[in-house]
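1. predicted structure and sequence below. I'll ask about it afterward.
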Amino acid sequence: MKLSMITPHAYFLAIATCLLLPISFAQARMVTQIVPTLTITEEYQDNYFQTGSDTFEEWTTSYELGFTLGFLKKRSKIYLAYNPEYTDYKNQNERNSLDQNASLSAAYQVTKHTSAKADISYDGHDGNNTGASWEHSASASVDSQLTKTVKTSLAYDFSNSFDQQLRTGDYKEHQTHNASTSIHKAFGPRNSMGANFSYATDNYKNSDADEYESYEPSAFLTYWFSRRDGVETNIEYESKEFDTDAGNDYETVAGDIRYIRKFTRHFDGYVKYRHYMSDKEDGDHIIYHPSTGIDWDITEDAGISIGVGILFHDWDNDKGDSTDPFLDLNAYKVFNLSPKGSLTITGSSSYDASDDEAASLGYNISYQAGFSLSYLLARRLSSQLFGSYELQQFKETVDRRDDTYEIGGGLTWNPLKWLQVSANATHTNFKTDDASREDYKDNTITIFVRFVPERPIRPDKMPSRKSLEKELFD
């Protein structure tokens, strides 16, 4: 359906009245709210197709009318959203469209010790147009505290998306499924053990070398044999099969042991050894990985851990044995700088027999780090600065290195309680030494005006590492 059937003026007149009429009411122990919103967005991109040459500029204007319905009860929370959006392209008129977007988030306390969550998102921008990504997604999880010391979890994630493939740079549609389960047991104030299992698939609409099916069981043990001395150990197995005849199937077994010395309440030092074995059809690959490092302010879902080590490679094929320096990084931390500002950082590193986003390229080393800085400049004016860096090295089927830098920032002004105006700018720089892809730079400027007569109620959505990394790296 095109906007040729609906004039912009009629669009504005129809929604202006709705925006002033939020509905909120309560029934016995239940709060319900209906809130309409309007967002007008103007975006400029100087390299829409992200190419190294023959760059293409594009301006888009979108009008999004949102209806949100939320209600809370003592044991349940539900938030529904429906957002029809019309997008007008300046240089690609054939892409002009009216798209339907919808989402649902729900949380339910099944029993005193069992909770369930579910999220569903439908993205109406599903025209499979190069340069424009979309994703339909769904997830569900159940967490249960079986006893005082034993807890379990079940989770499932689904995604059907059209996005840029890391290996080729082409836009392709593919579908992923990921199911996982875990059980954890605590014994003593700081000791714990547990096991996890996950199953994942990635299937492309058109047959592709990156399609795979994987199984991954793992287990861990943490034990403190004195107030200051402890040990952690992990073991994991992965089997990954590819839907091609290229002979890339493999099995890996990896394990590590880490001695920890607690210096202060928030500061630890450690010595670690990890052993990695990969069995592939074209030869085995063994990594001997000693390292040492520090932990700072580690909790269940936050903290900073940094270590330095060396990867000693033993290849049972035509690749020569080699060594690589490696930075062990696992960080997520929120710094409240003042009542007006906060800084959040995240970072991680890994090496594996294959990367989920470019599975057919084989063994890879990856690093990613990013930050988000928010500061309240005035009572109604806030600012944000963010940046990220990603490094991916593929050293088996190809000798390839990709570097992605991104920096951006913006201002948000709330002149009225129901009116928000924002302006953001982002610069992206992608570099690769692979002949099949081009280096490119891309600058994006976005301005949007949002009318929100009343803040919608919704299930609690606390800032998390997962949500931050999705914003920075996806």
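-> Yes, it's here.

2. please make it C-alpha for all contacts and neighbour counts, starting now.
-> Will do.

3. may I see the buried residues of stretch 210-227?
-> 210-224 (16 or more other Cα atoms under 10 Å).

4. same question for stretch 467-474.
-> 468-469, 472-473.

5. can you tell me what sits against it?
-> 346, 370, 386-388, 390 (Cα atoms under 8 Å, 6 or more residues apart in numbering).

6. with stretch 423-433 instead?
-> Taking Cα under 8 Å, 6+ apart as the rule, stretch 423-433 contacts 400-412, 438-448.

7. related to what we said a few turns ago, which one of the contacts of stretch 467-474 is nearest Glu173?
-> Closest approach to Glu173 among the contacts of stretch 467-474 (Cα to Cα): Glu390, at 23.2 Å.

8. and that closest one, that's in a strand?
-> Yes - counting by DSSP: H, G, I helix; E, B strand; the rest coil, Glu390 falls inside a strand.

9. what helix or strand is the closest residue in space to it that isn't next to it in sequence on?
-> Leaving aside its sequence neighbours, Glu390 sits nearest to Gln368 (Cα to Cα, 6 or more residues apart in numbering; 4.4 Å). For Gln368, the host element (DSSP states H and E) is strand 364-378.

10. mind listing what's buried in that strand?
-> 364-376.

11. redo these as a markdown table? Include distance to Gln109 and pLDDT.
-> Shown next, in a markdown table, are the buried residues of strand 364-378 (distance: Cα to Cα, whole Å; pLDDT from 0 to 100):
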| residue | distance to Gln109 | pLDDT |
| --- | --- | --- |
| Asn364 | 41 | 93 |
| Ile365 | 41 | 96 |
| Ser366 | 38 | 96 |
| Tyr367 | 38 | 98 |
| Gln368 | 36 | 97 |
| Ala369 | 35 | 98 |
| Gly370 | 34 | 98 |
| Phe371 | 34 | 97 |
| Ser372 | 33 | 97 |
| Leu373 | 34 | 98 |
| Ser374 | 33 | 97 |
| Tyr375 | 36 | 97 |
| Leu376 | 36 | 96 |
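
12. about what we covered before: of all the buried residues of stretch 467-474, which comes closest to Lys74?
-> Of the buried residues of stretch 467-474, the one sitting nearest to Lys74 (Cα to Cα) turns out to be Leu468, at 29.2 Å.

13. measure that closest one to Ser53 for me?
-> 32 Å (Cα to Cα, to the nearest Å).

14. that older thread, what's the most distant pair in the contacts of stretch 467-474?
-> Phe386 and Glu390 (13.9 Å).

15. and the strand holding Gln368, which strands flank it?
-> Counting by DSSP bridges, the strands paired with strand 364-378 are strand 341-352 (antiparallel), strand 381-394 (antiparallel).

16. other residues contacting that strand?
-> So strand 364-378 is contacted by 340-355, 382-396, 469, 472 (Cα under 8 Å, 6+ apart).

17. mind checking which of those are buried?
-> Neighbour-count burial within these applies to 341-351, 353-355, 382-394, 469, 472; the criterion is 16+ other Cα under 10 Å.

18. about what we covered before: among the strands paired with strand 364-378, which is nearest Thr68?
-> strand 381-394 (25.1 Å).

19. hey, C-alpha coordinates of that closest one in CSV?
-> This file holds the C-alpha atoms of strand 381-394, laid out as CSV (Å, rounded to 0.1, in the frame of the first residue of the first chain):
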residue,chain,number,x,y,z
LEU,A,381,18.6,18.9,27.2
SER,A,382,20.7,15.7,27.2
SER,A,383,23.6,14.5,25.2
GLN,A,384,25.0,11.1,24.2
LEU,A,385,28.4,10.1,22.8
PHE,A,386,29.1,6.5,21.7
GLY,A,387,31.8,4.5,19.9
SER,A,388,32.8,1.0,19.0
TYR,A,389,35.6,-1.0,17.5
GLU,A,390,35.5,-4.5,16.1
LEU,A,391,38.4,-6.6,14.8
GLN,A,392,38.0,-10.0,13.1
GLN,A,393,40.9,-12.1,11.8
PHE,A,394,40.3,-15.3,9.8
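
20. report the next helix or strand after it in sequence order.
-> strand 400-416.

21. buried residues in that following strand?
-> Quick answer for strand 400-416 (16+ other Cα under 10 Å): 400-414.

22. what two of those residues have the greatest distance between them?
-> Maximum distance among the buried residues of strand 400-416 (Cα to Cα): 46.2 Å, for Arg400 and Asn414.

23. my read: Asp297 touches Thr264, true?
-> No - look at Asp297 against Thr264 with Cα atoms under 8 Å: they stay out of range, at 9.7 Å.

24. compare those two and say which is more crowded by neighbours.
-> Asp297 (14 against 11; other Cα atoms under 10 Å).

25. what does the pLDDT read for the residue lying closest to that one once chain neighbours are set aside?
-> Excluding its sequence neighbours, the residue lying closest to Asp297 (Cα to Cα, 6+ apart) is His266, at 4.5 Å. For His266, the pLDDT comes out at 91.

26. pull the contacting residues for His266.
-> 295-298.

27. what's the answer for Tyr204, then?
-> Tyr204 neighbours (Cα under 8 Å, 6+ apart): 172-175, 211.

28. picking up where we left off before, ok, and the most crowded of the contacts of His266?
-> Neighbour max across those (other Cα under 10 Å) = Asp295, 20 neighbours.

29. ranges for the strands of the stretch 1-150 of the chain?
-> 23-27, 30-45, 58-72, 76-89, 97-111, 114-122, 134-145, 150-164 (DSSP state E, counting those that start in this stretch).

30. what packs against the last one?
-> Contacting strand 150-164 under the criterion 3 or more Cα pairs under 8 Å, 6 or more residues apart in numbering; DSSP states H and E are the following elements: strand 134-145, strand 171-186.

31. with distance to Tyr276 added, can I get those in TSV?
-> Converted to TSV, these look like this (distance: least, Cα to Cα, whole Å):
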stretch	distance to Tyr276
strand 134-145	31
strand 171-186	23
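
32. how about those strands in CSV, adding mean neighbour count?
-> Shown next, in CSV, are the helices and strands packed on strand 150-164 (neighbours: other Cα atoms under 10 Å):
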stretch, mean neighbour count
strand 134-145, 18
strand 171-186, 18
